[in-house]
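Chemist: coordinates only, sequence not included:
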Ligand SMILES: Nc1nc2c(ncn2[C@@H]2O[C@H](COP(=O)(O)OP(=O)(O)OP(=O)(O)O)[C@@H](O)[C@H]2O)c(=O)[nH]1
């Protein structure tokens with residue numbers, strides 16, 4: 001059944017979990033299936049390597065180097081996303097679609113797909129008085 005999905009595809013995403021080494025090791029087998037199905041095809045699909053769960057960066061077990069090496073060895077495009085937070089998911093698909101179409105995305109287009117990082121605004125008027133009288137040396141950074 002899988003070969004039916006793969007055959008004739010223009011783009012293939014090999015997705016693994018950056019916190020799970022086995023999911024990365026399994027990609028070799030998945031990629032072998034892709035190669036086998038497209039063996040006799042005139043055109044080859046664009047293959048993208050996607051490291052998922054970047055919201056769990058502190059639990060990463062698959063080193064970025066290893067990811068990049070696999071990309072270079074096989075001519076994959078490289079992506080890191082979080083399906084949970086949505087971080088870089090749109091950007092990933094946009095870059096893959098652009099690659100397939102042979103379009104070069106400009107800086108503005110790439111930045112448009114990046115999520116805006118939200119930070120809480122500190123309301124100093126409601127901070128305890130002691131803080132304003134004797135502020136600590138390592139002061140906070142606030143965007144106003
Ligand atoms: N923290 C985090 N959890 C995720 C992310 N993506 C998926 N998960 C969780 O990982 C678990 C597996 O997700 P699935 O969508 O079932 O992935 P799968 O590859 O089909 O996994 P299997 O069903 O085990 O084969 C679920 O508990 C998801 O909620 C992510 O980006 N970050």
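Modeler: Nice, thanks for sending it over. These numbers were taken from a predicted model, which means no experiment stands behind them. Numbering: from 1, shown residues only.
Chemist: tell me the secondary structure for residue 13?
Modeler: The assignment at residue 13 comes out as strand when based on DSSP: H, G, I helix; E, B strand; the rest coil.
Chemist: what's the answer for residue 114, then?
Modeler: With three-state DSSP as the basis, residue 114 sits in coil.
Chemist: From residue 100, how far out is the residue nearest the centre of the chain?
Modeler: For the chain, residue 80 is the residue whose C-alpha lies nearest the centre (Cα atoms, centre = their mean; 1.8 Å). The gap separating residue 80 from residue 100 is 20 Å, by Cβ to Cβ, to the nearest Å. (C-beta placed from N, C-alpha, C; glycine too.)
Chemist: Give me the contact list for stretch 62-71.
Modeler: 16, 18-21, 24, 27, 49, 51, 76-78, 80 (Cβ atoms under 8 Å, 6 or more residues apart in numbering).
Chemist: Low-confidence regions, the protein specifically.
Modeler: Applying pLDDT under 70 to the chain picks out residues 115-118, 126-144.
Chemist: Spell out which residues of it are next to the ligand.
Modeler: Those residues of the chain that sit near the ligand, judged by Cβ under 6 Å from any ligand atom, are 52-53, 55-56, 82-84.
Chemist: gap between the helix ranked longest in the chain and the chain center?
Modeler: As assigned by DSSP state H, the longest helix anywhere in the chain is helix 89-101. Distance, stretch centre to chain centre, for helix 89-101: 11 Å (Cα atoms, centre = their mean, to the nearest Å).
Chemist: and it, what does it pack onto?
Modeler: Applying 3 or more Cβ pairs under 8 Å, 6 or more residues apart in numbering; DSSP states H and E, we find helix 89-101 packed against strand 11-17, strand 46-52, strand 77-80, helix 107-112.
Chemist: For residue 33, which of those is the nearest?
Modeler: Comparing the helices and strands packed on helix 89-101 against residue 33 with Cβ to Cβ, the closest turns out to be strand 11-17 (9.9 Å).
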